[in-house]
Each structure stands twice: as C-alpha cells, then as structure tokens.
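Q: okay, sequence plus prediction incoming.
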Amino acid sequence: MVSLQVTGVKGVPATGVTAVVMNVTAVNPTGSGHIIVYPDGRPLPNVSNLNYEAGNIVANLVTVPVVNGKVDLRNSAGDVDLIADVTGYYGDSGSTYSPTTPVRLLDTRNGVGARAGAVSGGGVVSMRVTGLEGVPVSGVTAVVLNVTVTEPTADGHLIVYPHGTDRPGVSNLNFTAGQTRANLVVVPVVDGRVTFFNNWGDTHVIADLSGYFTA
C-alpha cells in the first residue's frame, strides 16, 4: 500500500480540498491484478479502479476523497510500478459541473471535428469545445471527455492538455500497436480549445464530450 500526500503539493491547496482527480497508471506489472484508490486510513473498499495483466500499461482516471491530506493506493497481487498524475481537485467552492448527453466532438476516422486521417507520431490536433453541442461560448473552465485511440500502428501514448500551453510530461492513454483503448479525461480549456498529442506511430483519435465545468 502507498499513502500519497496530495494537499499542499504541486499547486493543490493545503486545506479545504475534499477530493482529487488523478490519472493513475499501472506500469510493468509482474502478473494479473488490480489497483484500489481510496481515502487515507479508511477501510479498503471492495472495488477496483484499474485492472491489468502482466506486462500491460493501463491508465484510468480516478476521483477519490481526500482524508488527512492523503489518498491510499493498494495493489492486489505481484509487483507493479504506479504513476499518479493529479489533474484537478474539489474544494468547498469553485467551478460548477454540468453533465451533457454524450456527444462526439472528434473522430479522425471520418472527419468529425474538422480533422480527417490518423494523427502521426509527434502530431498535434487542436479541437474547439466551446460553443458546440450545448457547451457555452464563454465561462468554461474545463471539459470532461472520453478519449479513445484506435488502430495505432505502434506502441505509444496520448497527451490531452489545454490549448496553447506547454505540453505536460504526463500521459492520459497508453496503448500498444493495434489496440483500441479509452480513458476519461478532465482537461482545462484555453481559448475555447483543447489539444491532443500523439507521441509515436499513427493512430486515430476519438473524443466524446460528457460534461463541462464553468466558473
């Protein structure tokens, strides 16, 4: 079990945080198993957040309450390296979440979202999210997307980040050649857009909107 300090670290306030949103990745597992992420010091829940097989790299977005400024991560079996990337947090006040009926904003297989054709290695796709499918034109701070890669020609990863900002050194999806893989992503919106970066090979990218945050 790993007890991870999340408050007072990397821009997360030291007090007033009720929950964090983390992209948790399992790397180099020696066997099949699962990861449970839960509030620090609380009883271990009978559910899993990630399920993996030996040699897989698997990521999933997790929203977990914070207790004592920490969250706990437990591995069920074998050995595995864990990566936890904080993408946001909940506090006593802040943005309001508005769910939407899931709708597709980007599909490079058929040109949805003004992009047709696979994204090449090192390629970037900028996608508008505001003013579309019920998302307000202004006041949107972040969107929630179910992002899928399909038909990748090589092993790689996808990074989703705010438009016009420096690309972070973390990934949202990790995939192998020929694999279709999805993950939920919460990403801040800048200039009404978000950006997708594919690090290697060619892959199609799909993004389905499921909600947005407003100030």
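A: Cool, the structure landed.
Q: check the secondary structure at the residue nearest the centre of the chain for me.
A: By Cα atoms, centre = their mean, the mean C-alpha position of the chain lies nearest to Val185, the distance being 3.4 Å. In the three-state summary, Val185 is assigned as strand, counting by DSSP: H, G, I helix; E, B strand; the rest coil.
Q: where does it land on pLDDT?
A: The score at Val185 is 96. That number is its pLDDT.
Q: and it, how far is that from Gly33?
A: When distances are taken as Cβ to Cβ, to the nearest Å, Val185 and Gly33 turn out to be 24 Å apart. (C-beta placed from N, C-alpha, C; glycine too.)
Q: which residue of the protein sits farthest from its center?
A: When distances are taken from the C-alpha mean of the chain, Pro43 lies farthest, 25.9 Å away, according to Cα atoms, centre = their mean.
Q: need the three-state assignment for it.
A: Using three-state DSSP as the criterion, the local structure at Pro43 reads coil.
Q: avg pLDDT for stretch 38-55?
A: For stretch 38-55, the per-residue pLDDT values average out at 93.
Q: that older thread, next up, the contacts around the residue nearest to the centre of the chain.
A: Residues near Val185 by Cβ atoms under 8 Å, 6 or more residues apart in numbering: 23, 61, 87, 144-147, 160, 172.
Q: at 6 Å what do you get?
A: Val185 is in contact with 145, 147, 160, 172, counting by Cβ atoms under 6 Å, 6 or more residues apart in numbering.
Q: what is the nearest of those to Tyr52?
A: Comparing the contacts of Val185 against Tyr52 with Cβ to Cβ places Asn172 closest, at 16.7 Å.
Q: quick one: that closest one from Tyr161, how far?
A: For Asn172, the distance to Tyr161 equals 9 Å [Cβ to Cβ].
Q: cool, Asp107 as well?
A: Computed as Cβ to Cβ, the Asp107 to Tyr161 distance reads 20 Å.
Q: look at those two and report which has more neighbours.
A: Set Asp107 next to Tyr161 and count neighbours by other Cβ atoms under 10 Å: Tyr161 wins out with 21 against 18.
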